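Enquirer: This is a predicted model, with the sequence first.
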Amino acid sequence: MIDSLDVSYGDMWGSHEGPDHPDPIPSALAARRHAAGMPYAVLLSSRERPLAMAERWPRGMWRVYLFDDAARRARMIDFKPIGTGMLLAHRNTRLTEGDTEPTAVEKISCPAPEFGDWQVFAPFLAQQGHEPATTVVLNDVSVDEGAGPLRATDIEHLFRPGARDTPDGPAVLELGDAGLLRITSGRLAVSDPGWVSNPRTVAVPPGEYPVTLSLLRRTPWLTVAAAKVTLLDTPPHAWEMALRPDEDPELLGEGQFYGVGVDTGTVAFMDATRTVDEEGLDEEVFLPLSLADRPSVELPGTQTGPNLIAFSAGWGDGSYPVWIGRTEDGQAGCVVVDFRLFPSDEEKHLPGRTPPGPARPASRCRR
């Protein structure tokens, strides 16, 4: 008889298999995501053994996984909302090794849970041979709130030349001049040049601004550690994450960020009105870039039109934070893309997290 369940929260599991969340989050963050209609996962366990995991999906849908005795997901039940405040099971799938086996779907319904009302899923534990009590007590065992989203740390250090210790051995950090960026519309955009439909933008006065690359040299290669557009000579007083209007950092977990998505191994600074000829990108941008001696390339505009400055993304494809350095009076003094070659001390000690790098978990970021 199961009369109590331990409750914990995390990001969506994806293909992860195991008895715990791959990326746990505190209950307060899960509650904020619930209120915002964003996805998250709820794990129901008993005596440190996972029994069920419920994933909150868009449009009020839920997916419940039931675990077998070996802590493997053995059954998947999909629910869709019906009427007011109810869910209907419309797909019930038995999961086998490397395959799925749909089973007949009974017309099972349950109340759509408010946050914390996870007792509504307890009756489904019977499908794995468990016997839930009429009343099940829930115990919150989720992780503490923690330090919150990724914070800008040591950004200035990224642009101080000198020797560096890296996981691959000693290296030297150099500064590279990538040219002048011309902004005509008053909006600076940061984007993968191959995908510019929804770039991150920052309001800046029209003008021409120097672009500086932070280059990590490890013979014979150059890796772009960061890139900066300098708007004012005044040193930044504070840093803030570059956000789109619909992004709320209160919905991010510890060490997470909203960043510029990269699918071509390249990032570009440009005017928000600048268009890109995708057919010519290979010849004009991707092929000229070289990890040996050419980390950036400029696509000129017309005589008075905006140009584009592209550069290799440090670890390649992924997502990377964009920081705005603000002066004391709130002006944008610079814009920096950090390719996160140097994890902060906080990130090195995040439980269950790997440092930034090529294999960095995608759940650490939001594109």
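Expert: Received, thanks.
Enquirer: contact partners of stretch 107-125?
Expert: Stretch 107-125 is contacted from outside by 2, 5, 7, 30-31, 34-35, 42, 44, 51-52, 54, 60, 62, 64, 66, 77, 79, 81-82, 85-89, 132, 135-136, 138, using CB atoms under 8 Å, 6 or more residues apart in numbering. (Glycine included, C-beta is placed from N, CA and C.)
Enquirer: Among the residues you listed, which lie within strands?
Expert: Counting by DSSP state E, the part of the contacts of stretch 107-125 found in strands is 2, 5, 7, 42, 44, 51-52, 54, 62, 64, 66, 77, 79, 81-82, 86-89, 132, 135-136, 138.
Enquirer: Just the buried subset of those residues, written out for ChimeraX, thanks.
Expert: In ChimeraX, this line selects whichever of the ones in strands among the contacts of stretch 107-125 come out buried by 16 or more other CB atoms under 10 Å:
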select :2,5,7,42,44,51,52,54,62,64,66,77,79,87,88,89,132,136
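Enquirer: How about Glu240, nearest residue that isn't a chain neighbour?
Expert: What sits nearest to Glu240 in space, not counting adjacent residues and going by CB to CB, 6 or more residues apart in numbering, is Ile324, at 5.2 Å.
Enquirer: Now the terminal residues of stretch 109-124, how far apart.
Expert: For stretch 109-124, the first-to-last residue distance is 11 Å (CA to CA, to the nearest Å).
Enquirer: can you give me how far that stretch is from the chain middle?
Expert: Remark: stretch 109-124 is offset 29 Å from the chain centroid, using CA atoms, centre = their mean, to the nearest Å.
Enquirer: Ranking helices and strands of this structure by mean pLDDT, which lands last?
Expert: strand 365-366 (a mean of 52; mean pLDDT, DSSP states H and E).
Enquirer: What ranges does this structure have for its helices?
Expert: Using DSSP state H, the helices assigned to the chain run over residues 27-36, 281, 345-348.
Enquirer: Now the longest one: buried residues?
Expert: Residues of helix 27-36 classed as buried: 27, 29-30, 32-34 (neighbour count, 16+ other CB under 10 Å).
Enquirer: now stretch 304-317
Expert: By neighbour count on 16+ other CB under 10 Å, the buried set for stretch 304-317 is 306-315.
Enquirer: of the residues you listed, closest to Ala225?
Expert: Using CB to CB, Gly314 is the member of these that sits closest to Ala225, with 5.8 Å.
Enquirer: so who does that closest one touch?
Expert: For Gly314, the contacting residues are 223-226, 320, 339-341, by CB under 8 Å, 6+ apart.
Enquirer: mind listing what the strand of greatest length in the chain pairs with, with the direction of each?
Expert: Counting by DSSP E, the longest strand found in the chain is strand 169-183. Strand 169-183 has the following strand partners under DSSP bridges: strand 162-166 (antiparallel), strand 207-218 (antiparallel).
Enquirer: Pull the residues that contact that strand.
Expert: Strand 169-183 is contacted by residues 158-165, 188, 204-218, 222, 225, 227, 229, 269-271, 295-296, 298, 301, 305-307, 309, 311 when judged by CB under 8 Å, 6+ apart.
Enquirer: returning to that earlier point: including distance to Tyr258 and mean pLDDT, could the helices of the chain go into CSV?
Expert: Shown next, in CSV, are the helices of the chain (distance: least, CB to CB, whole Å; pLDDT from 0 to 100):
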stretch, distance to Tyr258, mean pLDDT
helix 27-36, 14, 95
helix 281, 25, 89
helix 345-348, 17, 54
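Enquirer: Cheers, nothing more for now.
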